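fold the following, please.
(one chain, ligands or ions: 1)
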Amino acid sequence: MHVAIIGAGLAGLTCARQLQEQGNTVVVYEKSRAVSGRMSTRQNELGGFDHGAQYFTVTSPAFRKTVAQWTKAGLTAAWTPRLAVIDDGKVTAPSAVARRKQRWVAQPGMRSLGVHLAQELDVRTAQQVRSIERLGKQWLLYVQSETVPIDATAGPFDAVIVAAPADQAKALLAPLPKLARQAAHAPLAPCWTLMLAFPEGLGLPYDAAWVNGSRLGWIAQDASKPERRPGEHWIAQASAAWSTEHLEDDPERAKEKLLKAFHEATGTHVQPVFSAVHRWRYSQALQPLEGDCLWDPAAKVGACGDWFAAGLPGMGRIENAYLSGAALAARMA
Ligand SMILES: Cc1cc2nc3c(=O)[nH]c(=O)nc-3n(C[C@H](O)[C@H](O)[C@H](O)COP(=O)(O)OP(=O)(O)OC[C@H]3O[C@@H](n4cnc5c(N)ncnc54)[C@H](O)[C@@H]3O)c2cc1C
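This is a model prediction of the structure:
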């Protein structure tokens, strides 16, 4: 089969690799200039900032097996930060359950895993799929790129996989109302994220902390992760409630407010030499859909991503994306 995959995050890349191994011809379309989606690392002259997903956990046997292979190949490694909870400025120890959990990261940045998985795949970056249209038993894609002023058609393809966050998937799945309706039931929370680099060590007794009673929900020292460049680089994520309330704020204003919250939470007043904010309109699925993917065998259109529970409890995360992408490829085989 000639298959188009829309989205080069972990779900789309996992699905693409398995479909290619099964003998299909696969083309991945990605609207950003880089692959890896929300497993993202921003690079500048000071080093990298994991400004999307922070780390991942492993619970299912299938993901455990894959992570063991990635780790053997040097793509991922365990991260064992000194953890804390900051409650109105007071630092306490997290629960034993939170402390015991094994956390994993890609190295040298969260983005590196997607970059590796995209090797040997035909991935077309900076190509946003605007819609899909039936052509007999096949599908055409309408694709917008930076270089061509009007949408170009791509295909025909025998099958189309939508591996984008649920809200974006819903629009692409419009020709299949049953699938589109399901995608409408998996909203993702937004997240404003602050990146900071300091000229000197802050001397904090933790590498990462959950923050309560603040605009922030989580802070982490990037350089405490394996294979990062040394330096005092911090990520500060706003809480889901604050991010939702301030979704349309001016970025400069959001940056100012989050920097103030960082100083309050950590009790430090050192000014950063670099600061930037990123607004994630979609960060994590609040209530992933039951099941592991969507697949319409007659139309040959499917969807995968972290917005499927794939047997896991809680919010959508990296493990969900992996399991969903793998499940869809297996279903198509
Ligand atoms: C701030 C933040 C913090 C997080 N923290 C954690 C964490 O600590 N642990 C954890 O496990 N998970 C975390 N997550 C969630 C985790 O990043 C996701 O669950 C996972 O990366 C989702 O992978 P995916 O492939 O389903 O989607 P994505 O990574 O979003 O990939 C979808 C891709 O589709 C592309 N796309 C969308 N529409 C189109 C289109 N029309 N045409 C072409 N391309 C398109 C997008 O650009 C994107 O690259 C976090 C996410 C964010 C944003």
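
what's the closest non-adjacent residue to the residue lying farthest from the centre of the chain?
The outermost residue of the chain relative to its centre, with distances by Cα atoms, centre = their mean, is Gly136 at 34.6 Å. Leaving aside its sequence neighbours, Gly136 sits nearest to Pro156 (Cβ to Cβ, 6 or more residues apart in numbering; 7.9 Å). In short, each C-beta sits where N, CA and C put it, glycine included.

I'd assumed that neighbour was in a strand, is it?
Yes. With DSSP: H, G, I helix; E, B strand; the rest coil as the criterion, Pro156 is located in a strand.

can you name the residues that contact it?
By Cβ atoms under 8 Å, 6 or more residues apart in numbering, the contact set of Pro156 is 2, 135-136, 138-140.

kindly report the same for Val67.
Val67 sits next to 58, 76, 104 when contact means Cβ under 8 Å, 6+ apart.

near the ligand too, which of these?
With the criterion set as Cβ under 6 Å from any ligand atom, no member of the contacts of Val67 is near the ligand.

name the member of these with the most neighbours.
For these, the largest neighbour count, defined by other Cβ atoms under 10 Å, is 25 neighbours, found at Thr76.

just give the closest residue to that one, not the sequence neighbours.
Among residues not flanking Thr76 along the chain, Trp70 sits closest, at 4.3 Å (Cβ to Cβ, 6+ apart).

distance of Gly203 relative to Ile161?
Distance of Gly203 to Ile161, computed by Cβ to Cβ, to the nearest Å: 48 Å.

helix or strand for the residue nearest to Thr76, which one?
Here Trp70, judged by DSSP states H and E, is contained in helix 61-72.

tell me the pLDDT of the residue nearest to Gly136.
Per-residue pLDDT puts Pro156 at 97.

next to the ligand, which bits of the protein? Give me the list.
6-12, 29-32, 37-39, 52-56, 128-129, 163-165, 168, 172, 191, 193, 237, 280, 283-284, 305-306, 316-318, 321.

any of those residues buried? List them.
6-12, 29-31, 37-39, 52-56, 128-129, 163-165, 168, 172, 191, 193, 237, 280, 283-284, 305-306, 316-318, 321 (16 or more other Cβ atoms under 10 Å).

hey, where'd the helices end up in the stretch 1-150 of the chain?
Here the stretch 1-150 of the chain has its helices, by DSSP state H, counting those that start in this stretch, at 10-21, 61-72, 96-100, 111-118.

could I get the ones you listed as JSON lines with mean pLDDT?
Below are the helices of the stretch 1-150 of the chain laid out as JSON lines (pLDDT from 0 to 100):
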{"stretch": "helix 10-21", "mean pLDDT": "98"}
{"stretch": "helix 61-72", "mean pLDDT": "98"}
{"stretch": "helix 96-100", "mean pLDDT": "91"}
{"stretch": "helix 111-118", "mean pLDDT": "98"}
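
closest to Thr266 out of those helices?
Closest to Thr266 of the helices of the stretch 1-150 of the chain is helix 96-100 (Cβ to Cβ; 19.3 Å).

name the element Gln271 belongs to?
Take DSSP H and E as the rule and Gln271 turns out to sit in neither a helix nor a strand.

what's the separation between the residue farthest from the centre of the chain and the ligand?
As defined by Cβ to the nearest ligand atom, to the nearest Å, Gly136 lies at a distance of 23 Å from the ligand.

residues touching the residue most central in space within the chain, list them.
The centroid of the chain falls nearest to Arg38 when counting by Cα atoms, centre = their mean (2.3 Å). Residues in contact with Arg38 (Cβ under 8 Å, 6+ apart) are 9, 52-53, 280, 282-283.

ok, now Glu232?
Counting by Cβ under 8 Å, 6+ apart, Glu232 touches 197-202, 221, 223.

so the closest residue to Arg134 other than its chain neighbours versus Trp139, what's the distance?
Once flanking residues are discounted, Arg134 sits nearest to Pro175: 6.3 Å by Cβ to Cβ, 6+ apart. Separation of Pro175 from Trp139 (Cβ to Cβ): 9 Å.

try Val123
Val123 is 19 Å from Trp139, by Cβ to Cβ.

can you say which helix or strand has the nearest residue in space to Pro108 that is not next to it in sequence in it?
Distance criterion Cβ to Cβ, 6+ apart; nearest residue to Pro108, sequence neighbours excluded, is Glu227 at 4.2 Å. Following DSSP H and E, one finds Glu227 outside all helices and strands.

what is the neighbour count of Glu227?
With neighbours defined by other Cβ under 10 Å, the count for Glu227 comes to 13.

follow-up on the earlier one: mean neighbour count, the helices of the stretch 1-150 of the chain: which tops it?
For the helices of the stretch 1-150 of the chain, the largest average neighbour count (mean count of other Cβ atoms under 10 Å) is found in helix 10-21, namely a mean of 25.

rewinding a little: the residue nearest to Thr76: what's it in contact with?
76, 106, 113.

please apply the same query to Tyr55.
Taking Cβ under 8 Å, 6+ apart, we find Tyr55 in contact with 79, 103-105, 225.

which ones among these lie within strands?
Using DSSP state E, the subset of these located in strands is 79, 103-105.

out of the residues you listed, who's the most crowded?
Top of the ones in strands among the contacts of Tyr55 by neighbour count (other Cβ under 10 Å): Val105, with 26 neighbours.
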